[in-house]
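**Student:** Need coordinates for the below:
(one chain, ligands or ions: 1)
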Amino acid sequence: MIYLDYAATTPMLPEVIKAMHDAEEKYFANASALHTPGHLAMNQIEHTRNLLAKIINAEPEEIIFTSGATESNNTVIRIFEGCQIETSPLEHHSVIETAQKYAGSKLPKLYSYMLINNEIGEILKMPEIDMAGFNDSELFNAKSDWGKPLVTDRKKSYLHSDLTQALGKISLDVKELGLDYATFSAHKIGGPIGVGALYIKKGVPFKPLMIGGNQENKRRGGTYNTVGIIGFGVALEKVINENTPRKYDEEIRKLRDELARRILDEIPGSSLNTDLEPGTSLPNILNASFKAAEGESIQLYLDAEGVIVSTGSACAAGDIKPSHVLMAKTGDAEVAHSSIRFSFGLDSTIKDVDKVMEVLPGIVNRLQQMSTIGME
Ligand code: PMP
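**Tutor:** Below is the predicted model of the structure:
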């Protein structure tokens, strides 16, 4: 199998599987308990917390563990229930739909801007990124990526970013990004599904989503998922020890760019939805469209050849609406319907690119021949 759907989820790293397997026996105790096995389990949790804090330049107390990025996003938005909430049109559904349901007209205002989009890999330019080192109490005006003036009074507004796709791929500094809240998920970096984290800057408003337990300093009720958090920690160790952002930038980018070049060269009617210019997109994501060929059909034919990719957001699979991200970017339903996302991982090799290009041109050609839209 050629797996090129790492942005949807990554296979668990062998060292994560082993650590979690060992932890099932060794750290089964309730980590909140006062007895020794409880303390030992809690030490493991704190180890993961310290690693994440180090990677994102936060204090360990500013991090809580959750069940994943969806919960982290929901938690932040529910703090601002009834308040003004502005999101970028490229957000994940767990931001967009929650914001639609809970936004109101009060202040303070929440801005939720993801740093990296999961469907096309675009690095969004948050105005705060350019404002590194600005004074917190300062009122500033800047143009957001989407053309609207973004006026942020730090006393009246807060900034959240969904960093799910960014963790381990680019270096991150929540202070430099000017963030008040940030979302993370373990399964995008070789950790387990069902474990995530939320950065909550000291002193910003907070309200727990899960109530009924004193865990995480009363910020998230529920018995600690010690085994899952240990798995997350092992995946974070790899980020630090192997400097994975550098690997993505130097090694994986080459594979992504080679696939893009060959698609454009060898497949008539192909176009790219990902900007390849360094600094504009994540190095491991390539979204491409194929005129007069439907994305879902390409995906199924590739699957039959053992090549695993996705169309738009895997989380929205089964949804026949065109991707909201591609519609926001291109405004063209045909481009959105004919798109495929290839996403690479640290295990990917040039052989994966070769295999894709062995089968993709024929598949696209066959679909184009059958299409009623036509190539002209
Ligand atoms: N946000 C983004 C940007 C994502 O890519 C995903 C996963 N596709 C999520 C949130 C949801 O993550 P989780 O599965 O951890 O809830």
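**Student:** Could you chop this structure up by domain?
**Tutor:** 2-8+243-370, 14-241 (automatic domain parsing).
**Student:** Tell me which of these approaches the ligand most closely.
**Tutor:** Closest of these to the ligand is domain 14-241, at 2.8 Å (criterion: C-beta to the nearest ligand atom). Bear in mind the C-beta positions are built from the backbone N, C-alpha and C, glycine included.
**Student:** Ends of that closest one, what's the gap?
**Tutor:** One end of domain 14-241 sits 16 Å from the other (C-alpha to C-alpha, to the nearest Å).
**Student:** ok, now stretch 194-213?
**Tutor:** 19 Å.
**Student:** residues of it that come out buried?
**Tutor:** Gly194, Val195, Gly196, Ala197, Leu198, Tyr199, Ile200, Lys201, Val204, Phe206, Pro208, Leu209 (16 or more other C-beta atoms under 10 Å).
**Student:** Could you do stretch 360-376 as well?
**Tutor:** Applying 16+ other C-beta under 10 Å to stretch 360-376 flags Leu360, Pro361, Ile363, Val364, Leu367, Gln368, Ser371 as buried.
**Student:** So which of the residues you listed belong to strands?
**Tutor:** Judged by DSSP state E, strands contain none of these.
**Student:** Tabulate these (JSON lines), appending distance to the ligand.
**Tutor:** As requested, the buried residues of stretch 360-376 are arranged in JSON lines below (distance: C-beta to the nearest ligand atom, whole Å):
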{"residue": "Leu360", "distance to the ligand": "24"}
{"residue": "Pro361", "distance to the ligand": "29"}
{"residue": "Ile363", "distance to the ligand": "25"}
{"residue": "Val364", "distance to the ligand": "26"}
{"residue": "Leu367", "distance to the ligand": "26"}
{"residue": "Gln368", "distance to the ligand": "30"}
{"residue": "Ser371", "distance to the ligand": "30"}
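**Student:** hmm, back to that, worst average pLDDT in the domains of the chain?
**Tutor:** Per-stretch mean pLDDT for the domains of the chain is lowest at domain 14-241 (a mean of 88).
**Student:** Say whether the ligand is contacted by that one.
**Tutor:** Yes: contact of domain 14-241 with the ligand (C-beta under 6 Å from any ligand atom) involves Gly68, Ala69, Thr70, His92, Ser94, Met114, Asn118, Asp162, Thr164, Gln165, Ser185, Gly196.
**Student:** Isn't the fourth one up against Glu119?
**Tutor:** Meaning His92. No: assessed by C-beta atoms under 8 Å, His92 is found out of contact with Glu119, at 9.1 Å.
**Student:** higher neighbour count, these two?
**Tutor:** Glu119 (29 against 26; other C-beta atoms under 10 Å).
**Student:** Confirm for me that that one is in contact with Pro322.
**Tutor:** No: Glu119 is beyond contact range of Pro322, at 11.2 Å (criterion: C-beta under 8 Å).
**Student:** quick revisit: could you dump the buried residues of stretch 194-213 into CSV with secondary structure added?
**Tutor:** Formatted as CSV, these follow (DSSP: H, G, I helix; E, B strand; the rest coil):
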residue, secondary structure
Gly194, coil
Val195, coil
Gly196, strand
Ala197, strand
Leu198, strand
Tyr199, strand
Ile200, strand
Lys201, coil
Val204, coil
Phe206, coil
Pro208, coil
Leu209, coil
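**Student:** which outside residues touch the helix or strand that contains Ser297?
**Tutor:** If you go by DSSP states H and E, Ser297 is part of helix 295-304. Here helix 295-304 makes contact (C-beta atoms under 8 Å, 6 or more residues apart in numbering) with 289-290, 308-312, 337-340, 356, 359-360, 363-364, 366-367.
**Student:** Over to stretch 85-104?
**Tutor:** Taking C-beta under 8 Å, 6+ apart as the rule, stretch 85-104 contacts 69-70, 73-74, 77-78, 80-84, 109-114, 117-119, 122, 124, 144-146, 148, 162, 164, 313, 315-316, 324-325, 328-329.
**Student:** if we can go back for a sec, now intersect the residues of domain 14-241 next to the ligand with the strands, please.
**Tutor:** Short answer: those in strands (DSSP E) are Asp162, Ser185, Gly196.
**Student:** Out of the buried residues of stretch 194-213, which two are the most distant from each other?
**Tutor:** Across the buried residues of stretch 194-213, no pair lies farther apart than Gly194 and Val204, at 26.0 Å, counting by C-beta to C-beta.
**Student:** Thr183 against Ala166, yeah?
**Tutor:** No: Thr183 lies out of contact with Ala166 (C-beta under 8 Å); the separation is 9.9 Å.
**Student:** And those two? Which one has more around it.
**Tutor:** Thr183 (31 against 23).
**Student:** what bridges to that one?
**Tutor:** Asp162, Leu198 (DSSP bridges).
**Student:** returning to what we had before: which of the contacts of helix 295-304 count as buried?
**Tutor:** 289-290, 308-312, 337-340, 356, 359-360, 363-364, 367.
**Student:** Helices - which of the residues you listed land there?
**Tutor:** Cross-referencing the buried ones among the contacts of helix 295-304 against helices under DSSP state H gives His337, Val356, Val359, Leu360, Ile363, Val364, Leu367.
**Student:** Would you map the strands across the stretch 251-376 of the chain?
**Tutor:** Secondary structure of the stretch 251-376 of the chain (DSSP state E, counting those that start in this stretch): strands at 270-272, 285-290, 307-308, 339-343.
**Student:** The third one: partners in the sheet, and parallel or antiparallel?
**Tutor:** When you say that, I think you mean strand 307-308. As assigned by DSSP bridges, strand 307-308 forms pairs with strand 2-3 (parallel).
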